[in-house]
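A.B. asks: Provided below are the primary sequence and the corresponding predicted coordinates.
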Amino acid sequence: MVRVGDRWNLYFSLQADNLLVMSSENPTSGFTFRKALVSSENGGLERDNIDACVRKDENGQLWMFFGSTRRLCRVRLAADGLALAQGATIEPVAGTTDLEDRSRARVFEGAYLHRRDGYWYLLVSAGGFWNDTYCLKVGRCRTLNGVFLDKEGRRMSDGFASDLLHGNDLFYGPGHNGNIITDRNGKTWIFFHSHWKEVEPKMRVACLDELRWDKDGWPYFENGTVATHRTPPAL
């Protein structure tokens with residue numbers, strides 16, 4: 001859900017193949033259905049038009065990143081965010097198809113975009129969400145409509161991304177990141193989910209951990225794995 005002008009837009013998926021939008025003047029009141037933005041029949045992915053992430057660039061243009069299984073894509077939205085921009089085309093931006101990589105190591109989903117120090121960071125999930133191959137990866141670009149690259153300068157659209165977070169003996173398959181927040185001490189924190197080996201295998205729990213930044217501006221987690229204990233953020 002994002003605020004566009006004086007309205008709140010709620011982007012969601014229906015039956016996996018359809019990505020739709022609703023809107024409301026108040027985020028706590030009823031939402032009105034607007035339209036289907038992307039589907040397998042109007043130029044979207046063959047399946048899994050899901051995981052919408054909507055951001056506004058420095059020129060005020062709205063962009064929507066979405067999809068899984070068959071690449072992450074992006075498309076320009078109209079100024080109110082309730083339709084695709086006139087003449088907009090859907091283009092792949094990260095990941096390869098599952099047919100090209102059966103391991104899903106380079107198949108991305110769960111796009112999340114974070115702006116920091118002149119870069120847009122594209123955080124994605126890769127691997128099989130049902131097992132310990134699932135993990136967080138990242139790339140970045142100066143603009144939302146540019147080419148996102150990993151640390152080695154390889155294109156995310158070719159299925160490359162830099163490792164960010166992996167599991168361990170207690171928590172495995174971390175991914176599908178949520179919002180990045182900044183606490184009152186200036187530290188950044190991120191929500192994500194992970195399997196927890198002490199509970200039923202198919203269950204996942206919500207996690208919160210500190211997202212740190214190296215001297216070159218790349219995000220990282222302490223030890224690169226899910227923390228079992230952490231001092232909470234200063235809210």
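C.D. replies: Yep, that arrived.
A.B. asks: Was I right to think residue 230 contacts residue 209?
C.D. replies: Yes - using Cβ atoms under 8 Å, residue 230 is in contact with residue 209, at 6.0 Å. Backbone N, C-alpha and C define where each C-beta goes, glycine included.
A.B. asks: List the contacts of stretch 15-24.
C.D. replies: Contacts with stretch 15-24, where a contact means Cβ atoms under 8 Å, 6 or more residues apart in numbering, come from 7-14, 30-40, 44-45, 47-50, 52, 66, 81-82.
A.B. asks: So which bits of that stretch are buried?
C.D. replies: Residues of stretch 15-24 classed as buried by neighbour count (16 or more other Cβ atoms under 10 Å): 17, 18, 19, 20, 21, 22, 23.
A.B. asks: Which one's more surrounded, residue 230 and residue 209?
C.D. replies: Between residue 230 and residue 209, counted using other Cβ atoms under 10 Å, the more crowded position is residue 209 (19 against 13).
A.B. asks: Next up, the contacts around residue 101.
C.D. replies: Residues counted as contacts of residue 101 (Cβ under 8 Å, 6+ apart) are 107, 159.
A.B. asks: Go through the buried residues of stretch 15-24 and name the one with the lowest pLDDT.
C.D. replies: Across these, the smallest pLDDT goes to residue 17, namely 83.
A.B. asks: how far away is that residue from residue 163?
C.D. replies: Note on residue 17: its distance to residue 163, by Cβ to Cβ, to the nearest Å, is 30 Å.
A.B. asks: ditto for residue 71
C.D. replies: Remark: distance between residue 71 and residue 163 (Cβ to Cβ) = 20 Å.
A.B. asks: Give me the more crowded residue out of those two.
C.D. replies: residue 71 (22 against 14).
A.B. asks: for that one, phi and psi?
C.D. replies: Main-chain dihedrals, residue 71, degrees, to the nearest 10: phi 80, psi 160.
A.B. asks: Isn't it up against residue 90?
C.D. replies: No - the criterion here is Cβ under 8 Å, and residue 71 misses it with residue 90 at 10.0 Å.
A.B. asks: List the contacts of residue 60.
C.D. replies: Counting by Cβ under 8 Å, 6+ apart, residue 60 makes contact with residue 79.
A.B. asks: Enumerate every residue touching the residue sitting furthest away from the middle of the chain.
C.D. replies: The centre of the chain is farthest from one residue, residue 198, which by Cα atoms, centre = their mean lies 27.1 Å away. The contact partners of residue 198, by Cβ under 8 Å, 6+ apart, come to residue 170.
A.B. asks: Quick check: it is in a strand.
C.D. replies: No - applying DSSP: H, G, I helix; E, B strand; the rest coil, one finds residue 198 to be coil, outside a strand.
A.B. asks: if I look at it, how far off is residue 168?
C.D. replies: Per Cβ to Cβ, residue 198 is found 13 Å from residue 168.
A.B. asks: Helix or strand for residue 110, just tell me which one.
C.D. replies: In this structure, residue 110 sits in strand 108-116 according to DSSP states H and E.
A.B. asks: Pull the residues that contact that strand.
C.D. replies: 48, 50-51, 53, 55, 65-69, 71-72, 94-95, 120-126, 129, 137, 144, 156, 159, 161, 175-180, 213, 217.
A.B. asks: Now, these that are in strands?
C.D. replies: Among these, the members falling in strands (DSSP state E) are 53, 55, 65-66, 71-72, 94-95, 120-126, 137, 175, 180, 213.
A.B. asks: Now that we have those, which of them are buried?
C.D. replies: In the ones in strands among the contacts of strand 108-116, the ones that pass as buried (16+ other Cβ under 10 Å) are 53, 55, 65-66, 71-72, 94-95, 120-126, 137, 175, 180.
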